[in-house]
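*Asks:* Sequence first, predicted coordinates after that:
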Amino acid sequence: MKSNVKILNAVKYVCGTVLSIGIITFLLGFFESGFSVLTPIGIGTVVGAVFIFLMGVFFVATEEMLDKTYEGIKGIKGIKVIPIKTKNGVL
C-alpha cells in the first residue's frame, strides 16, 4: 500500500503543476496577450494534466485489485473459485 501512496502523491504533484501552468497559459492567451495561439495550448495542457491524473489513479486502482486478487489466490483473502465438472464439455 505504501507504493500506491507514493505513486498517488507523485501523480498529484505532477498534475497540479501541469494544471497550474495550463491555466496560466490559457488565461494569458485569452485575456492578456495578443497571441491567440496560447489559448489552445493552455486548453491542451489542462486536458493533458487531467488525462495524466486519471491514468495514474487507474494504475493505482489496477495494482490494488491485482494485489487483492493475488492474496485471494494464495488463500489469505477472497473467495476460492472451484470450476464445475462437466460431462463432455457441456454445462
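*Replies:* Right, received. Where do you want to start? Residues are numbered from 1 along each chain as shown.
*Asks:* and the lengthiest helix in the chain, what does it pack onto?
*Replies:* Counting residues, the longest helix found in the chain (DSSP state H) is helix 38-74. Identification of packing neighbours for helix 38-74 by 3 or more CB pairs under 8 Å, 6 or more residues apart in numbering; DSSP states H and E yields helix 2-27. For every residue, glycine as well, the C-beta is placed using N, CA and C.
*Asks:* Going by neighbour count, which residues of the helix it packs on are buried?
*Replies:* For helix 2-27, the buried set under the neighbour-count rule, 16 or more other CB atoms under 10 Å, comprises V11, C15, V18, L19, G22, T25, F26.
*Asks:* how about the longest helix of the chain: buried residues?
*Replies:* In helix 38-74, counting by 16+ other CB under 10 Å, buried: L38, T39, I41, G42, I43, T45, V46, A49, F53, G56, V60.
*Asks:* Would you mind confirming that the last one is in contact with K6?
*Replies:* In other words, V60. No. When contacts are counted by CB atoms under 8 Å, V60 is not listed as touching K6 (9.8 Å).
*Asks:* Below-threshold pLDDT in this structure: ranges please.
*Replies:* Low-confidence segments of the chain, defined by pLDDT under 70, span residues 1, 33, 69-81, 89-91.
*Asks:* cutoff 80 now
*Replies:* The chain contains residues with pLDDT under 80 at 1-3, 33-35, 66-91.
*Asks:* rewinding a little: how big is the angle separating the longest helix of the chain from helix 2-27?
*Replies:* Angle, helix 38-74 to helix 2-27, by axes from the mean of the first three to the mean of the last three CA atoms, to 10 degrees: 170 degrees.
*Asks:* Check the offset of helix 38-74 from the chain's centre.
*Replies:* Centroid displacement of helix 38-74 relative to its chain, using CA atoms, centre = their mean, to the nearest Å, is 1 Å.
*Asks:* Straight-line length of stretch 29-45, end to end?
*Replies:* Stretch 29-45 has an end-to-end distance of 13 Å (criterion: CA to CA, to the nearest Å).
*Asks:* what residues does that stretch touch?
*Replies:* Outside stretch 29-45, the residues that touch it by CB atoms under 8 Å, 6 or more residues apart in numbering are V18, L19, I21, G22, I23, I24, T25, F26, L27, L28.
*Asks:* Since that was my last question, I'll sign off now.
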